[in-house]
Every structure is written in structure tokens, then in C-alpha cells.
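J.: coordinates only, sequence not included:
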């Protein structure tokens, strides 16, 4: 039996445009799926990124027509994953894409829970007490709220009763993408939603946090991540998907 960890790729993409950020996640997912079909390695990609301008990302099933007037000046994009709208401002976004066996369907709850456990552990190293919502149901919430961080699911990460991390998954034929938002600090566009620094009085360096979380996810997924960039094939897919999908008014306004 080969106990050597799988070799994965680590991408750090700071300050990407809204449509580009979503297109890159999709391009990586499609690339990993295609590689899995042909048996190529690596078959795991971890990406950390931020947004060049404050952005409102709509969940796949949300209506652009429901956006409140206070968000009108924000850039907008629609995600390919569900859930409520997210204000990408004072936060860190991650995506993890891994190959899956042929015929596997549905969500990977073990991956979702496992990644969130690693985030909780990384926060714990910084002296910040966090837990999944299933073990901290102290705050009333609206499951139909427009903003993601006003909603709750069992594995959402809670600090002092407030949601600070939420994630979502999407599948391709032979890969699964999980991406999520770690709210570092409250955004001026939603001051009612405090971030980790607001709740703990501790500032988090996003790059150090990403580095520590990378090591934890390596253990979780039995992967050794190596610094990487997008391949030419992924860049080609991302450019096409950005143009045809994520920057399209038809996609943003879909119902």
C-alpha cells in the first residue's frame, strides 16, 4: 500500500475581479475532473483569494431583483453554488477542489465538516473559541435571510453566537469544489454582521492564516500542497467562462 501523500497544488490569488474569481474556481474544478478521467496527477487544488473591490455574490438560486438598495453601489456576481448572498470585503475566501471516484454523487459532508474542523482548529491556535452551529444554537436566525451570514446550517462556524465562516459545494463529473468565506472583520455594507476581529479583538494576518490552514488541510486530505499557478488550459477555460457566464447579465439576472 502506498502511504505517500498525494501531491496537490496551492494557489494564492489576491485581489481578483468578481467574475474572474468565480471563473477560476470553475476552471479548476473542470480541470481536476478532466484529469481524474485520464488518471493524471495532481488531483487536489487548494486556493486562497481575495477581491479587488467589495463585491456582493449572489447564491445560485437568489434573484438579482431582491438586492436591497443599500447594496446598489457594490459590484455583483452570481455564484455557481447555493446559499445566501455574501459581501466579499473584509474576508478571506478559500476553495478546495479534489478528484472523486467514478460514479460518486451528491455532497461530501465529510469534506465539508472536516475543512470546517480545521478552520476551527486554526482559530483555536490564535486563542479564538469557535464551534459549529450544531453545538452553539444561542442566536435566533432567519433561514430565508438574504445575506448568508444571517443564515445558519449545522456546520457553519460560530464565534460568540455569530456566524463567521460558511461554505458551499458543487460537483463536476469527477471532482468536487468546496469554497467558502472567512469573515475577518465587519464590512461597512453590513455592520450588523461582526467578523472575527470584531468579536475577539484579535487581528488575523490572512496569509499566515492561509499557511496554517494549508498544513491542516494537508493532514485532513493526505495531500502535500506545492505552490503553483493556473495552467494554460485552466487560464483558457477561466477566460471563456468569465466572458460567457460570470460577467454576463443573463447569468446575473437568471431566475
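T.: Yep, it's here. Because the structure is a prediction, the values reported are computed rather than measured.
J.: Ignoring the adjacent residues along the chain, who's closest to residue 71?
T.: Using C-beta to C-beta, 6 or more residues apart in numbering and skipping the chain neighbours, the partner closest in space to residue 71 is residue 56 (5.2 Å). Placement of C-beta: from N, CA and C, glycine included.
J.: you'd agree the one you found is in a helix?
T.: No. Read with DSSP: H, G, I helix; E, B strand; the rest coil, residue 56 is strand and lies in no helix.
J.: so it sits right up against residue 73, yeah?
T.: No. Applying C-beta atoms under 8 Å, one finds residue 56 not in contact with residue 73, separated by 9.8 Å.
J.: These two: who's more crowded?
T.: residue 56 (25 against 9; other C-beta atoms under 10 Å).
J.: How many residues are close by residue 201?
T.: Neighbours around residue 201, by other C-beta under 10 Å: 8.
J.: can you tell me how far it sits from residue 182?
T.: 17 Å (C-beta to C-beta, to the nearest Å).
J.: cool, residue 169 as well?
T.: Counting by C-beta to C-beta, the gap from residue 169 to residue 182 is 16 Å.
J.: If you count surrounding residues, which of those two has more?
T.: Neighbours per residue, other C-beta under 10 Å: of residue 169 and residue 182, the larger number sits with residue 182, 24 against 18.
J.: Can you verify the more buried one is assigned to a helix?
T.: No. Applying three-state DSSP, one finds residue 182 to be strand, outside a helix.
J.: In contact with it, which residues?
T.: 91, 92, 93, 94, 119, 164, 165, 196, 209 (C-beta atoms under 8 Å, 6 or more residues apart in numbering).
J.: Run through the stretch 1-150 of the chain and note the low-pLDDT ranges.
T.: 1-2, 139-140 (pLDDT under 70).
J.: next one: stretch 241-252 to chain centre, how far?
T.: Offset of stretch 241-252 from its chain centre (C-alpha atoms, centre = their mean, to the nearest Å): 19 Å.
J.: Please list the outside residues in contact with that stretch.
T.: 18, 19, 20, 22, 23, 26, 27, 58, 64, 76, 77, 78.
J.: The residues you listed: which two are farthest apart?
T.: 27 and 64 (23.5 Å; C-beta to C-beta).
J.: between those two, who's got more neighbours?
T.: residue 27 (24 against 16).
J.: can you give me the end-to-end distance of stretch 37-48?
T.: Using C-alpha to C-alpha, to the nearest Å, one end of stretch 37-48 lies 25 Å from the other.
J.: got a list of what residue 222 touches?
T.: 5, 6.
J.: ditto for residue 86
T.: Here residue 86 is in contact with 56, 57, 147, 148, 149, 166, 181 (criterion: C-beta under 8 Å, 6+ apart).
J.: so how far is residue 193 from the fourth one?
T.: What it means is residue 148. 10 Å.
J.: So between these two, which is more surrounded?
T.: The neighbour comparison of residue 148 against residue 193 (other C-beta under 10 Å) goes to residue 148, with 28 against 18.
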